[in-house]
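**Q** Give me coordinates for this.
(chains A and B)
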Protein chains: 2
Amino acid sequence: MDQYIKVPHQITDKSFEIISDEIKELDPTFQFQTPLQEDIIKRAIHTSADFDYLKNLVFTGKAEILIQEVIKQGGHIITDTNMALAGINKKILDQYGCHYHCFVNDERAFKISKEKGITRSMAAIQLASQLEGPKVYVIGNAPTAIYQILESVEAGKFEIEAVIGVPVGFVGAAESKKALHESEIPSIAALGRKGGSNVAAAIVNAIQYNIKGIIHQH
Amino acid sequence: MDQYIKVPHQITDKSFEIISDEIKELDPTFQFQTPLQEDIIKRAIHTSADFDYLKNLVFTGKAEILIQEVIKQGGHIITDTNMALAGINKKILDQYGCHYHCFVNDERAFKISKEKGITRSMAAIQLASQLEGPKVYVIGNAPTAIYQILESVEAGKFEIEAVIGVPVGFVGAAESKKALHESEIPSIAALGRKGGSNVAAAIVNAIQYNIKGIIHQH
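**A** The predicted structure is shown next:
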């Protein structure tokens, strides 16, 4: 028991080494499209120990580059759950003067949800749309939040740079992510059922660490 | 796009129905030991869309019952990450006057970590041990937190009711959970690499919802 590694940096380095080795074993022909996509996919695997993310994470419209731009411009990161928000490392975001929000427990979200007969996740997206400046939406839980974004963009009511769409679930999650992936909105989506607030946060973290040229960060 | 379900209660009910059906397909002979363990395992699957939790979640010392007692007594729930803490539903815990904490970003944890050459997760566990009253530790990320608990209990320095030990990872996570599972401490552990803050929170939520006789809660 005294032999376990107590240095977080070493643990993370070793973990990414194991992940790289196992990807090579699983699929020797697998090619990452870009180093940034590689960072994102490996960090999703790191946070879940689930190699399904090697195949189910899909990228459109250079979303990951656009998200880096939003961060560098000190824009807004909006999550659908407090869990995703809690999992996002704030250090680099703070350096760039970014803003980060989750409106799901905002009193106004309760009110709008009740008045309009929609989910609080949808109401929270409507609230976030009022923010000034470039915006990235990070959805790890609520398919209805994805649909709200798609509907609002379609109706021309919405300014948005990119969406990380990785809600987990058995009802509506896969459909919502497919619809996002097939839309015009630049996105990173986890096709199928899998995803979650942890994966959502991991993707944001991989993207911001990459700006600083670091793969590993605590 | 207008056809998606917007009522959270219906979404959750339908999800648990699908999970139950697929468990029957995957392993028609699978038997849950108790209804509470069934709630816990199904909610771990619900939060991850990963049926591996059907087999890798293991229980010792009636930990899940002891955790319900701690909640009913208004005891302490201590998590290793803010993400796990954010994912725990506070409504029922508040009704019972429970306390919930995460000390990993506490200034004292930084100080102890530096002074003793240990991880902040270990320092945070040391800080939590000073709390008065029954305690449950909920570890979704840090194997070192598990080892700190095991070492302190072995040294007789520690009062503890039960541990939820589900750190995810490639280095030390599986070993730490095996050691916890084989210890005298009542525990719920996810054997192997998988787990995470989301799974940790889901287990706490399943346990508290079960007290109220509800499987589904938002």
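**Q** Not counting residues beside it along the chain, what's closest to A:Leu131?
**A** A:His76 (5.1 Å; CB to CB, 6 or more residues apart in numbering or on different chains). Every C-beta, even on glycine, is put in place using the N, C-alpha and C of the backbone.
**Q** Quick check: phi and psi on A:Thr60?
**A** The phi/psi pair for A:Thr60 (degrees, to the nearest 10) reads phi -140, psi 150.
**Q** show me what contacts the nearest residue to A:Ala190 once chain neighbours are set aside?
**A** Once flanking residues are discounted, A:Ala190 sits nearest to A:Val166: 4.1 Å by CB to CB, 6+ apart. Applying CB atoms under 8 Å, 6 or more residues apart in numbering or on different chains to A:Val166 gives the contacts A:139-140, A:177, A:188-190, A:195-196, A:199-200, A:203.
**Q** I'd like to know which elements the top helix by length along chain A is packed against.
**A** Identified as the longest helix of chain A according to DSSP state H is helix A:8-26. Here helix A:8-26 touches helix A:35-48, going by 3 or more CB pairs under 8 Å, 6 or more residues apart in numbering or on different chains; DSSP states H and E.
**Q** do the helix it packs on and chain B meet at all?
**A** Yes - Helix A:35-48 lies within reach of chain B by CB under 8 Å from any CB of the partner chain, at A:46-48.
**Q** In terms of helices and strands, where is A:Glu115?
**A** Assigned by DSSP states H and E, A:Glu115 belongs to helix A:107-116.
**Q** Show me what that helix is in contact with.
**A** Outside of helix A:107-116, the residues within contact range by CB under 8 Å, 6+ apart are A:103, A:118-120, A:122-124, A:126-127.
**Q** rewinding a little: residues of the longest helix of chain A that come out buried?
**A** A:8, A:11-12, A:15-16, A:18-19, A:23 (16 or more other CB atoms under 10 Å in any protein chain shown).
**Q** Quick one: residues contacting A:Leu127.
**A** When contacts are taken as CB under 8 Å, 6+ apart, A:Leu127 is in contact with A:103, A:106, A:108-109, A:112.
**Q** Could you tell me which residues make contact with A:Lys135?
**A** So A:Lys135 contacts A:70, A:75-76, A:78, A:128-129, A:159-161 (CB under 8 Å, 6+ apart).
**Q** Repeat the analysis, applying 10 Å as the threshold.
**A** Contact analysis of A:Lys135 by CB atoms under 10 Å, 6 or more residues apart in numbering or on different chains lists A:70, A:75-78, A:99, A:101, A:128-129, A:158-163.
**Q** out of the contacts of helix A:107-116, which are inside strands?
**A** Nothing among those maps onto strands, per DSSP state E.
**Q** What about the residues you listed, which are in helices?
**A** A:120, A:122-124, A:126-127.
**Q** Filter these down to the buried ones and express that as a ChimeraX selection.
**A** The ChimeraX command for the buried members of these (criterion: 16+ other CB under 10 Å) is given here:
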select /A:120,122,123,124,126,127
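**Q** Closest one to chain B out of the ones in helices among the contacts of helix A:107-116, please.
**A** A:Met122 (7.3 Å; CB to the nearest CB).
**Q** got the residue ranges for the helices in chain A?
**A** So, for chain A - with DSSP H - the helices run A:8-26, A:35-48, A:53-56, A:63-72, A:82-87, A:91-95, A:107-116, A:120-128, A:143-154, A:173-182, A:197-211.
**Q** Could you give me the buried positions within the shortest one?
**A** Meaning helix A:53-56. Using 16+ other CB under 10 Å as the test for burial, helix A:53-56 gives A:53-54, A:56.
**Q** Hmm, A:Tyr209 is touching A:Pro35, no?
**A** No - in this structure A:Tyr209 lies outside contact range of A:Pro35 using CB atoms under 10 Å: 11.9 Å.
**Q** hang on, the earlier thing: can I get the residues of helix A:35-48 next to chain B in CSV including pLDDT?
**A** Shown next, in CSV, are the residues of helix A:35-48 next to chain B (pLDDT from 0 to 100):
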residue, pLDDT
A:His46, 97
A:Thr47, 97
A:Ser48, 97
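**Q** could you redo those as CSV and give each row neighbour count?
**A** As requested, the residues of helix A:35-48 next to chain B are exported to CSV (neighbours: other CB atoms under 10 Å in any protein chain shown):
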residue, neighbour count
A:His46, 22
A:Thr47, 26
A:Ser48, 26
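**Q** Quick one: work out the angle between the worst-scoring helix or strand of chain A on mean pLDDT and helix B:143-154.
**A** Lowest on mean pLDDT, DSSP states H and E among the helices and strands of chain A sits helix A:8-26, with a mean of 90. Relative orientation of helix A:8-26 versus helix B:143-154 (axes from the mean of the first three to the mean of the last three CA atoms, to 10 degrees): 120 degrees.
**Q** Run the angle between helix A:8-26 and helix B:120-128 for me.
**A** Computed by the same axes, to 10 degrees, the angle separating helix A:8-26 from helix B:120-128 equals 130 degrees.
**Q** How far away from the center of its chain is helix A:8-26?
**A** In terms of CA atoms, centre = their mean, to the nearest Å, the centre of helix A:8-26 is found 21 Å from the chain centre.
**Q** In contact with the residue nearest to A:Asn89 when sequence neighbours are not counted, which residues?
**A** Closest residue to A:Asn89 apart from its sequence neighbours, by CB to CB, 6+ apart: A:Asn205 at 5.2 Å. Contact partners of A:Asn205, counting by CB under 10 Å, 6+ apart, are A:39-40, A:43, A:46-47, A:87-89, A:92-93, A:217.
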